[in-house]
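Engineer: Provide a 3D model corresponding to the input given below.
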Amino acid sequence: MLHPLNVDEVRQNALRIRDKVAEGTLDWFEELYASANGDEYWIPWSNGEPHPFLIEWVSKIQFTGRALVVGCGLGEDAVFLSRKGWDVTAFDISNSAIEWAKKNYPSEKIDWQVADLLSLPKDWISLFDLVVEVHILQAIPERLRTLAAPNLAPLLAPSGQLICIGRLNEKGEEYEGPPWPLSRNFIESVGIILKNIDFMKKQLPNDDKDVLRYRSVWERDF
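Structural biologist: Here you go, the predicted structure:
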């Protein structure tokens, strides 16, 4: 279904759903996807395309293998990687999001899973050559974010790469999220046991002047 995009309306709907779900849980993601009734307009972080920062970085990678997409939503980043030759597992905490992604991409050879970043399957440890997190940590309240972030690095196989993409908070400002732009210190802590091989900050063409984004990439060198 097509609509003229009203960013404020979409964001206020997301905040309304977040506020009525029990505080301190991630259940509101499921309610948001379920209440959208298959209408992508109501998913504020989905525009039907893979993230340009991911596209740019993957174009530089000279290998393929097993990839994990964290909080895959409607699956755009997962599908992009699959079509680039990666063996992709993609998960989301929302069952409705996963079912929606499967419906959108029925012919893609992707292992779609319902899973929680706070409690991932133990057999995923050291399994993936590429782990991709786009806009997930910034959508999680700080108390849960600090518990979720350390679960990313252990997923990497030797020489694997972790890519995190989101909004950057350079000035230490307070935000009423989601999203909550992330400080450089917090971003660095995500890959503290890894070797950082890239950090980029820039704006996208349609960003407001006060929006600054980042891409940070780490490699497991042990």
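Engineer: Quick check: chain neighbours aside, which residue is closest to residue 217?
Structural biologist: Closest residue to residue 217 apart from its sequence neighbours, by Cβ to Cβ, 6 or more residues apart in numbering: residue 198 at 3.9 Å. For glycine as for every other residue, the C-beta is placed from the backbone atoms N, C-alpha and C.
Engineer: Next, residue 127: phi, psi?
Structural biologist: When quoted as degrees, to the nearest 10, the phi and psi of residue 127 stand at phi -100, psi -30.
Engineer: Could you tell me how many residues sit around it?
Structural biologist: When neighbours are counted by other Cβ atoms under 10 Å, residue 127 registers 16.
Engineer: Is it correct that it is in contact with residue 67?
Structural biologist: No: counting by Cβ atoms under 8 Å, residue 127 does not reach residue 67; the two are 10.4 Å apart.
Engineer: So for the chain, the centremost residue is which one?
Structural biologist: Closest to where the C-alpha atoms of the chain average out (Cα atoms, centre = their mean) is residue 134, at 2.9 Å.
Engineer: Please verify my assumption that that one contacts residue 57.
Structural biologist: No: Residue 134 is beyond contact range of residue 57, at 11.1 Å (criterion: Cβ under 8 Å).
Engineer: so what sits against both of these two?
Structural biologist: With contacts defined as Cβ atoms under 8 Å, 6 or more residues apart in numbering, the residues adjacent to both residue 134 and residue 57 are residue 163.
Engineer: quick check: mean pLDDT across the lengthiest strand in the chain?
Structural biologist: Longest strand of the chain, by residue count under DSSP state E: strand 156-167. In this model, strand 156-167 has an average pLDDT of 98.
Engineer: repeat for stretch 127-143
Structural biologist: 95.
Engineer: Now do the buried residues in it.
Structural biologist: In terms of neighbour count (16 or more other Cβ atoms under 10 Å), stretch 127-143 has its buried residues at 127-140.
Engineer: Name the strands paired with whichever strand or helix holds residue 198 and say parallel or antiparallel.
Structural biologist: Element membership for residue 198, per DSSP states H and E: strand 195-202. Paired neighbours of strand 195-202 in the sheet (DSSP bridges): strand 213-219 (antiparallel).
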